[in-house]
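Q: A structural model of the following input is requested.
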Amino acid sequence: MEVIHGRGYVYAIQYHIVWCTKYRRKVLTPIIEKDLHEYLNQIAKDNDFIIEKINGEPDYIHLLISCSPQHYIPDMIKGLKGVSARLLMKKHGNSLKQKLWGGHLWNPSYFVATVSENTEEQIRHYIQSQKEK
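A: Okay, here's the model as predicted:
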């Protein structure tokens, strides 16, 4: 995990985020999943955060996201799910609506966990580097 220097702060923040399709329907075909990856990466780029990894199955998606302390997780997820659903429905609406009974693409809930790698050591290094300055 890379430590990033911002204006007046140093951070290394990553989140593991998972959400499912509505009714756990297996609608994420390889073609739809390819478009989904494209859309999610563009949404991240437009909102100044990075999707490090994307993985999924036909009924759910996993993301590993790196972001700054200014990013608010519910807003990020709302954007990722909302915009991706709208774009996928626009492009693949007929096939998706048949499998989802004409409803929403994503289940409204999601899972999020912080990801840590050597956090204690990074904190110690940061504290030590502050003494040196």
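
Q: lowest average confidence, helix or strand, in this protein?
A: Within the chain, no helix or strand scores below helix 119-132, which has a mean of 58 by mean pLDDT, DSSP states H and E.

Q: please enumerate the strands of this structure.
A: Using DSSP state E, the strands of the chain run over residues 4-5, 10-11, 14-20, 50-57, 60-66, 111-115.

Q: if I look at residue 87, how far off is residue 116?
A: 32 Å (CB to CB, to the nearest Å). Yep, even glycine has a C-beta here, placed from its N, CA and C like the rest.

Q: okay, these two: which has more neighbours?
A: residue 87 (17 against 12; other CB atoms under 10 Å).

Q: identify the spatial nearest neighbour of the more buried one, chain neighbours not counted.
A: residue 39 (5.0 Å; CB to CB, 6 or more residues apart in numbering).

Q: the one you found: how many residues sit nearby?
A: 18.

Q: mind listing what it touches?
A: 83-84, 87-88 (CB atoms under 8 Å, 6 or more residues apart in numbering).

Q: again, 7 Å this time
A: 83-84, 87 (CB atoms under 7 Å, 6 or more residues apart in numbering).
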